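In: model the structure of this input:
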Amino acid sequence: MSFKIVFMGTPEFSLPTLEALIENKFNVVSVYTQPPTKSKRGQKINVSPIEEFSKKNKINFKNPINLNSDEELKIFKELSPDIVVVVAYGQIISKNFLNIAKFGFINIHASLLPKWRGAAPIQRAIMNGDKKIGVSIMKIEEKLDSGPVLASKEIELGQNATHGEIEKTLSVMGANLLVENLKRLERGNSKFIGQVHSEATYAKKIDKDETKINWSLDATKVLAHIHGLSPIPGAWFEYENERFKVLRAKISTVNGKPSYVLDDNLTVACKSNSIQILELQRQGKNKQTAKEFLLGKKINSGSILN
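Out: The predicted structure follows:
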């Protein structure tokens, strides 16, 4: 059989999945995405990558402000989908929707479930120093990220990988895994396997209060913090009443008093070892390599970073 599919997604992370569904000629009857937003200054209207792609490829799409209204529920029922694919849609889907599709709602989640259920799985995995990361395709149930898993795939997670880089890798990997398993599901030779709920961990949303760099930690933990928050929201320090985001760094074996700059190449002492800053960003400016940055702003050896 050929599934009637509704796709729901919004950010860049969800785009490879929609592209893969169209490229592999799945029957996508409609696309749902978040409505356009205004820029901070209110002049520019920003549409989602999914809306842009749908317009360009003449795919029927909707961007309701409130998906869970009675009117939207009626419209959704009329679509009569066999399965709904959800990738970072951005709205809570009420239980009234979940039984509409014959094969339910399935979601690409960027973790190896049941580990790191929740809003920030990639960031939390990197910040925790995990050695592996991956994607899981699961059925959506009322409880957060608790549904049975159709498939998962993992990759190694090195200490130099940033959140932004891993997100791109997993978005493509998840799209390919979904296509492969949708085909199996259509043929009737796939099954969902329940999660071991006692092993679940949770990736809570990143709070702005936890983004400041704590130089009194070991260098490995500081590096994980920096790379887990790069590029957004960004780990930061203050110097001369100005805030700087650190986007990439590496560990140095030089030691010193935590938060002190140890040389003229932005090497900063931690509790043990130190961090050499490789890329950073001043407020309101583009990112720079440390070498480019130091041409315009000197942070000399012996300086203290807050």
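In: kindly indicate whether residue 106 is helix, strand or coil.
Out: strand (DSSP: H, G, I helix; E, B strand; the rest coil).
In: residue 22 too?
Out: Under three-state DSSP, residue 22 comes out as helix.
In: what's near enough to touch it?
Out: 28, 57, 59 (C-beta atoms under 8 Å, 6 or more residues apart in numbering). C-beta coordinates here come from the backbone N, C-alpha and C atoms, glycine included.
In: how close does the second one get to residue 179?
Out: Distance of residue 57 to residue 179, given as C-beta to C-beta, to the nearest Å: 17 Å.
In: cool, residue 66 as well?
Out: 31 Å.
In: and the two? Which one has more around it.
Out: Higher neighbour count among residue 66 and residue 179: residue 179, with 15 against 9, using other C-beta atoms under 10 Å.
In: need the per-residue pLDDT for the more buried one.
Out: On the pLDDT scale, residue 179 is placed at 97.
In: helix, strand or coil for it?
Out: Assignment for residue 179 (three-state DSSP): helix.
In: contacting residues for it?
Out: Contacts of residue 179 (C-beta under 8 Å, 6+ apart): 20-21, 24, 26.
In: same deal with residue 101?
Out: Residue 101 makes contact with 6, 81-84 under the criterion C-beta under 8 Å, 6+ apart.
In: so who does residue 8 touch?
Out: 31-33, 84-87, 89, 93.
In: where does pLDDT dip in the stretch 51-200 of the chain?
Out: Scanning the stretch 51-200 of the chain for pLDDT under 70 picks out no residues.
In: tell me which stretches of it form helices.
Out: 70-79, 95-98, 121-127, 163-187 (DSSP state H, counting those that start in this stretch).
In: show me the contact partners of the shortest one.
Out: Judged by C-beta under 8 Å, 6+ apart, the contacts made with helix 95-98 from elsewhere in the structure are 67-68, 73, 76, 84, 104-105, 140-142.
In: likewise the first one?
Out: When contacts are taken as C-beta under 8 Å, 6+ apart, the neighbours of helix 70-79 outside the stretch itself are 4, 6, 29-30, 62, 64, 66, 96-97, 100.
In: pull out the buried positions in it.
Out: 72, 76, 79 (16 or more other C-beta atoms under 10 Å).
In: ok, the second one to residue 100 distance?
Out: What that stands for is residue 76. Residue 76 is 6 Å from residue 100, by C-beta to C-beta.
In: shared neighbours of the two, anything?
Out: Here residue 76 and residue 100 have no joint contacts, going by C-beta under 8 Å, 6+ apart.
In: got the domain boundaries for this structure?
Out: Split into domains by automatic domain parsing, the chain comes to 4-203, 208-296.
In: let's have the ones you listed in JSON lines, adding distance to residue 304.
Out: Shown next, in JSON lines, are those (distance: least, C-beta to C-beta, whole Å):
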{"stretch": "domain 4-203", "distance to residue 304": "24"}
{"stretch": "domain 208-296", "distance to residue 304": "5"}
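In: nearest to residue 305, out of these?
Out: domain 208-296 (4.4 Å; C-beta to C-beta).
In: let's have the contacts of residue 101 in CSV, adding neighbour count and distance to residue 250.
Out: Listed next are the contacts of residue 101 as CSV, based on neighbours: other C-beta atoms under 10 Å; distance: C-beta to C-beta, whole Å:
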residue, neighbour count, distance to residue 250
6, 25, 44
81, 23, 48
82, 18, 49
83, 20, 44
84, 27, 43
